[in-house]
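# Sequence unavailable; structure follows:
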């Protein structure tokens, strides 16, 4: 009775059965099946694509594979015999660079949504087996392979069809500000600009809030960075374009257009400057042992009618590890482009090949410019972050 039970099980599984009963060899044919010895790591850090890949040991549980070859698939492209192994156990080594070279693409083409599929063809003394899943058409003709979905269950660690994908590691704060340390006054009190009309000039704090400048009180992660504000004239902007006299500009705690700030209970507010406001934040140094970093901020643009020269421009002054300085744009939107994103908090990050991280940067200095006429446009800025990847 025990032999009958074992026979029924092996015929059901067919491919991948490891029963050593010689009687079964006369009745059932073992297919080709290759496994990862351990649960593989097939999700790779996108920030390290120039150096990373997979390195996993493969085993042959049926002890019958003469050869194992992988076909690479990506976006309709197919590369046959991408990798071939002829004995087991054996190490499977695949670098991301090998993959992109085989496909004729570049590392820059890889995004977080990229997926590379690898399908095995296994040759045994009794036949050739495809790692594709069977796919029967309306005429009951198999358009796929030989490997059932059961063989691809997670517990079997199959190496007959698998995907290589990418992840972005979490960010860790180095420095930043949410304007929580800055004192605030009554919300209906505006900042008064002194000086001549249409005069580009640095703005300085008055005796009482609202404050447009702030000096950092420390250099730890928990200490907010400082900032400085300037007014600059904008030719041909709506209304007079000569600059505001008294407007709500500086640090406030306002809940007029939204229910909460992204971080804390304060933010930097700008309304109707009749020109431009430039906020320059403190330069932040990146720890020497961190080679991936970035900068971001959140902004709320009120839902109103924005005109042609109304909008925001933000950029970062960066210095790399070699001492080279450059300006990198983060966002530049005006008029209708502003209206398309107005009415909700938006996060803008430095690009970094779409990941939000740049490599080998020594320091960042964020600059945000907001400009509008005297009509009721407003900007609220919060949650400025300079960050690195987690340890």
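Structure received. Computed from a predicted model, the values in this text were never measured in an experiment. Numbers count the residues shown, from 1 in each chain.
# Spell out the secondary structure type for the most centrally placed residue in the chain.
Residue closest to the mean C-alpha point of the chain, counted by CA atoms, centre = their mean, is residue 355 at 3.9 Å. Going by DSSP: H, G, I helix; E, B strand; the rest coil, the secondary structure assigned to residue 355 is helix.
# For the residue nearest to residue 135 when sequence neighbours are not counted, give me its contacts.
Using CB to CB, 6 or more residues apart in numbering and skipping the chain neighbours, the partner closest in space to residue 135 is residue 144 (3.3 Å). For glycine as for every other residue, the C-beta is placed from the backbone atoms N, C-alpha and C. By CB atoms under 8 Å, 6 or more residues apart in numbering, the contact set of residue 144 is 130, 132, 133, 134, 135, 136.
# Need the pLDDT of residue 144.
Note on residue 144: pLDDT of 79.
# Next, it: phi, psi?
Main-chain torsions, residue 144, degrees, to the nearest 10: phi -110, psi -140.
# quick revisit: from the contacts of residue 144, which would you call buried?
When the contacts of residue 144 are checked for burial by 16 or more other CB atoms under 10 Å, the buried set is 130, 132, 133.
# now those as JSON lines including pLDDT and secondary structure?
Output for these, formatted as JSON lines (pLDDT from 0 to 100; DSSP: H, G, I helix; E, B strand; the rest coil):
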{"residue": "130", "pLDDT": "93", "secondary structure": "strand"}
{"residue": "132", "pLDDT": "89", "secondary structure": "coil"}
{"residue": "133", "pLDDT": "86", "secondary structure": "coil"}
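# which among those gets closest to residue 272?
residue 133 (62.3 Å; CB to CB).
# Touching, that closest one and residue 143? I think so.
No - at 10.4 Å, residue 133 does not count as touching residue 143 under the criterion of CB atoms under 8 Å.
# Low-confidence ranges, the protein, go.
Residue ranges of the chain with pLDDT under 70: 1-29, 238-241, 353, 374-375.
# need the helices for it, in chain order.
Applying DSSP state H to the chain gives helices spanning 2-13, 22-25, 96-103, 336-341.
# so who does residue 68 touch?
Counting by CB under 8 Å, 6+ apart, residue 68 touches 32, 34, 58, 84, 85, 86, 88, 120, 121, 122, 123, 159.
# and if we set it to 10 Å?
Counting by CB atoms under 10 Å, 6 or more residues apart in numbering, residue 68 makes contact with 32, 34, 58, 60, 83-88, 90, 92, 120-123, 131, 159-160.
# And for residue 72?
Residue 72 neighbours (CB under 10 Å, 6+ apart): 78-83, 94, 98-99, 102-103, 116-119, 164.
# and the gap between it and residue 294?
31 Å (CB to CB, to the nearest Å).
# Could you do residue 385 as well?
8 Å.
# joint contacts of those two?
Contacts common to residue 385 and residue 294, judged by CB under 10 Å, 6+ apart, are 171, 174, 349.
# The last one: neighbour count?
The number of residues packed near residue 349 is 18, by other CB atoms under 10 Å.
# show me the contacts for the residue nearest to the centre of the chain.
Per CB under 10 Å, 6+ apart, neighbours of residue 355: 46, 47, 49, 110, 111, 112, 166, 168, 169, 292, 294, 349.
# contacting residues for the residue nearest to the third one when sequence neighbours are not counted?
Translated: residue 49. Leaving aside its sequence neighbours, residue 49 sits nearest to residue 96 (CB to CB, 6+ apart; 4.7 Å). Counting by CB under 10 Å, 6+ apart, residue 96 makes contact with 44, 46, 48-54, 107, 110, 114, 116, 164, 166.
# Narrow those to just the buried residues.
So, by 16+ other CB under 10 Å, the buried ones in those are 44, 46, 48, 49, 52, 53, 54, 110, 114, 116, 164, 166.
# and which of those is nearest residue 204?
Distances from residue 204 to the buried ones among the contacts of residue 96, taken by CB to CB, are shortest for residue 46, at 44.0 Å.
# thought that closest one was touching residue 164?
No - contact between residue 46 and residue 164 fails when scored by CB atoms under 10 Å: they sit 11.5 Å apart.
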